[in-house]
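Colleague: heads up, no residue letters with this:
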């Protein structure tokens, strides 16, 4: 039973990637994201795994619970992809400000928020490797009054919805 559910999940992820990205991505590339993630790369240049502090599920405004980790660094510090994958979204939203989402191994969505700027040429459908530049640290969105940082989130893609997981333990094992 478990094996058939995993296979079905893999098929759904592949079809979803193909539907959204169309001919820009191959079936082989889509299928690759069904694999368990390898170790992540630290997404903020110059930070070490020991610098990561978890504030998982801390209370936030509006009754929300915190689902991510804040990685503090100087404004303009390079932000890179923590996982290989495909850029899913590049845009703005009220909470995250300038954001990038990468569909990567796991399958998981890797969310990078509060960016000061995006890397040149970054667009949905672009294949990225671990360490590919995505942008730079900032404090956009609801972080306007805070020191510059990257909000990094990991959302495991499930059969019917995605589920946030604490990225701190994943980053503490990063390279």
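Modeller: Here it is on my side, so go on. This is a predicted model, so every value here is computed, not measured.
Colleague: all contacts plus neighbour counts: C-alpha atoms, from now on.
Modeller: Will do.
Colleague: biggest strand in the protein by residues?
Modeller: strand 108-118 (DSSP state E).
Colleague: how far out from the middle of the chain is that strand?
Modeller: Strand 108-118 has its C-alpha centroid displaced from the chain centroid by 7 Å (CA atoms, centre = their mean, to the nearest Å).
Colleague: Next secondary structure element downstream of that strand?
Modeller: strand 127-128 (DSSP states H and E).
Colleague: That following strand: how far from the chain's middle?
Modeller: That offset, for strand 127-128, works out to 13 Å (CA atoms, centre = their mean).
Colleague: Ok, stretch 122-140 next?
Modeller: With CA atoms, centre = their mean, you get 10 Å for stretch 122-140.
Colleague: So for it, what gets flagged as buried?
Modeller: Buried residues in stretch 122-140, counted by 16 or more other CA atoms under 10 Å: 122-128, 130-140.
Colleague: do stretch 160-175 as well
Modeller: Buried-residue list, stretch 160-175, by 16+ other CA under 10 Å: 164-168, 170-172, 174.
Colleague: Who does the residue positioned nearest the centre of the chain form a beta bridge with?
Modeller: For the chain, the residue sitting closest to the mean C-alpha position, by CA atoms, centre = their mean, is residue 110 at 1.4 Å. On the basis of DSSP bridges, residue 110 is bridged to residue 102, residue 154.
Colleague: residues contacting it?
Modeller: By CA atoms under 8 Å, 6 or more residues apart in numbering, the contact list for residue 110 reads 82-83, 101-104, 152-155.
Colleague: Now with 10 Å, please.
Modeller: Contact analysis of residue 110 by CA atoms under 10 Å, 6 or more residues apart in numbering lists 81-83, 85, 87-88, 100-104, 152-156, 164, 167.
Colleague: Residue 146 too?
Modeller: So residue 146 contacts 72, 138-140 (CA under 10 Å, 6+ apart).
Colleague: Just the ones of those residues in strands?
Modeller: residue 72.
Colleague: now the contacts of residue 146 as a markdown table including distance to residue 42?
Modeller: Supplementary listing: the contacts of residue 146 in a markdown table, determined by distance: CA to CA, whole Å:
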| residue | distance to residue 42 |
| --- | --- |
| 72 | 12 |
| 138 | 17 |
| 139 | 19 |
| 140 | 21 |
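Colleague: Brilliant, that's me finished.
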